[in-house]
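Student: no sequence on this one, just coordinates:
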C-alpha cells in the first residue's frame, strides 16, 4: 500500500494525517509538491485522473482517491477505534456530519481561498466579489456549527468521529486564510480545543 | 420511518427517489413545498437544523439528513441489491465516484444555478461573472467524465451504483438549467442512456 500525499497545510492531506494518527496507523508515503504542480504530472494522472492528492494505491495497483473515501476504506479494514461509526445509524450519522462540514462551511472556505487570497491569484481568474460573499457566508456556517455544538462534546454527540476531523481541518484552513470564528462562538471554540486535545 | 421530501426536479429529492426505485423500496413520505419555503419552517428546523429536505425520521425520532447519508443508511439495513458496494474496496470506490460527481460537476452546476439563473435571482444576490465561470467549468467536468467512461459501462466499471444515480441527477439538473453536454461526448451520453434504462 502506498499513500500519495502532500505537505501540510493543504487541508485534504492534513485530514488523512489526523485520521491515521487517531487510528494509530502508519502507512508508507510518497510526497508530491503542490507548488511544483507534481499532482498534475503524467505519473499522478495515470493513477488518479483527477490530478489530486491524497490517493491510496493498493498492492494490486487499484487506486482509491478522495480523502474521505481513503479514510473510509482504512476504517473498514482496520475497524478499531471506529471513526465512521459502528452500526447503520452511526455510519449514516457520521456521514451526515462529514457532509454538513463539507457542504456548508467547506465551499465557503474554498471559494474565499480561490477568489480572495493572494496565493491563488496567479492560478485562478479571481472574482473578488465571490470571495467576499464566501467570507460572509462562512461566518453564517460557523455560527450554525456553534449552535449545534452547544451541549454536546462532538458533532455526533459523545462520539468522536471522522466528522470532527473533517470540520477541524476546514475550520483551521479557514482560520489560516483569515476566516476567524468570533470568540463569542464559545461552543465551537470549546469543541475545537477538545478535538485538538484528542489528536495531541 | 418517515421520509421528508420535496417534488422533482430538485436534484436531492430526485436522487433519493431513484435510489428507492433501484432498491425496490417504498417508504412513507411527507412532502414539503420548497417554493412556499416550508423547508425553513419551525417544524422542519426542529428535525433538520440545516433546513433542507430530504431527511429521514426514524420511528424513535432520530433523524438522518443529507441525501447520500440517507441512502447509505437504507442500503446498510436493506443490503440487496447493494448500491454502495459489497466489500471494503467497492464501498470506498463507490464513495470516491460519488464524491467525484459531487465535488467536480456538482459545485459548477450549483453555482450556475445560484448565480446565473432567473429562478434564483429573487433569492440570492447573484454574481453573474461567477455563474458564467461555473458554466465554463461544468463543461470541463463533463468532458472529464466522458473520458473516464470510455470503455466502461458505469462509473465503478461493470457495477451499477449510487455514484451513477448521483452523477445522473447532477447531469440532468445541469441540462435543465442549460448546461448541455455536447453530442461529441459519446461515452457520457451512452452511459446516460444505460443508467436511464436501468432505472426505467
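Tutor: Looks like it came in fine. Predicted model only: the values in this text are computed from it and were never measured.
Student: Compute the distance between residue A:107 and residue A:187, please.
Tutor: Counting by CB to CB, to the nearest Å, the gap from residue A:107 to residue A:187 is 22 Å. For glycine as for every other residue, the C-beta is placed from the backbone atoms N, C-alpha and C.
Student: actually residue A:44, not the one I typed
Tutor: Computed as CB to CB, the residue A:44 to residue A:187 distance reads 40 Å.
Student: between these two, which one's more packed in?
Tutor: Remark: of residue A:44 and residue A:187, residue A:44 carries more neighbours, 20 against 15, as counted by other CB atoms under 10 Å in any protein chain shown.
Student: okay but that one is in contact with residue A:32, surely?
Tutor: Yes - counting by CB atoms under 8 Å, residue A:44 touches residue A:32, with 6.4 Å between them.
Student: show me where chain A has helices.
Tutor: For chain A, the helices defined by DSSP state H cover A:11-23, A:42-47, A:67-77, A:88-100, A:106-115, A:128-149, A:162-176, A:186-198.
Student: Any chance of CSV for these, columns mean pLDDT and distance to residue B:53?
Tutor: Formatted as CSV, these follow (pLDDT from 0 to 100; distance: least, CB to CB, whole Å):
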stretch, mean pLDDT, distance to residue B:53
helix A:11-23, 95, 29
helix A:42-47, 96, 38
helix A:67-77, 98, 23
helix A:88-100, 98, 14
helix A:106-115, 95, 19
helix A:128-149, 97, 17
helix A:162-176, 97, 21
helix A:186-198, 98, 26
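Student: Including distance to chain B, could the ones you listed go into CSV?
Tutor: As requested, the helices of chain A are arranged in CSV below (distance: least, CB to the nearest CB, whole Å):
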stretch, distance to chain B
helix A:11-23, 11
helix A:42-47, 11
helix A:67-77, 4
helix A:88-100, 4
helix A:106-115, 7
helix A:128-149, 5
helix A:162-176, 11
helix A:186-198, 14
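Student: list residues touching both of residue A:44 and residue A:32?
Tutor: Both residue A:44 and residue A:32 are in contact with A:4, A:38, A:53, where contact means CB atoms under 8 Å, 6 or more residues apart in numbering or on different chains.
Student: What pLDDT is listed against the second one?
Tutor: What it means is residue A:38. Model confidence at residue A:38, given as pLDDT, is 93.
Student: Spell out which residues sit in contact with it, please.
Tutor: A:32, A:44 are the contacts of residue A:38 under CB under 8 Å, 6+ apart.
Student: How about the first one?
Tutor: Residues counted as contacts of residue A:4 (CB under 8 Å, 6+ apart) are A:29-30, A:32, A:44, A:47-48, A:53-57.
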